[in-house]
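Novice: Structure for the following, please:
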Amino acid sequence: MAVPQLDPAKLQLVQDLEIEMMSDMYNRLVGACHRKCIPVKYHEPELGKGESVCLDRCVAKYLDVHERIGKKLSNMSQGEAEDLTKMNLPEKK
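Specialist: Numbering: from 1, shown residues only. Down below sits the predicted model:
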């Protein structure tokens, strides 16, 4: 099956959307993990060991969930596309 070629304008739009989605995911990850792992009042200029471990785990969990949700949505949209294809096929007699 051949991969359809996108014209440059559509390709640029897809790339811009991908950058926007990744930027949004990064900003949400930073906000969520910062709130969870770093106290509001900074006691020292560097991260403590507990804060570093918390951030590592938080980021890993966030990315894992993000990947799982992406796969689930991809499978759902693929299933919907297959259902639409089946509905559009002429019936065999």
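
Novice: and the helix or strand of the chain with the lowest mean pLDDT, what other elements does it pack with?
Specialist: Sorted by mean pLDDT, DSSP states H and E, the helices and strands of the chain end with helix 49-88, the least confident at a mean of 88. Secondary-structure packing of helix 49-88 (3 or more Cβ pairs under 8 Å, 6 or more residues apart in numbering; DSSP states H and E): helix 8-37. All C-beta spots, glycine's among them, are computed from the backbone N, C-alpha and C.

Novice: Packing partners of the helix it packs on?
Specialist: In terms of contacts (3+ Cβ pairs under 8 Å, 6+ apart), helix 8-37 is packed against helix 49-88.

Novice: picking up where we left off before, so how far is the least confident helix or strand of the chain off the chain centroid?
Specialist: The chain centroid and the centroid of helix 49-88 are separated by 6 Å under Cα atoms, centre = their mean, to the nearest Å.

Novice: buried residues in that helix?
Specialist: Residues 54-55, 58, 62 are the ones in helix 49-88 that count as buried (16 or more other Cβ atoms under 10 Å).
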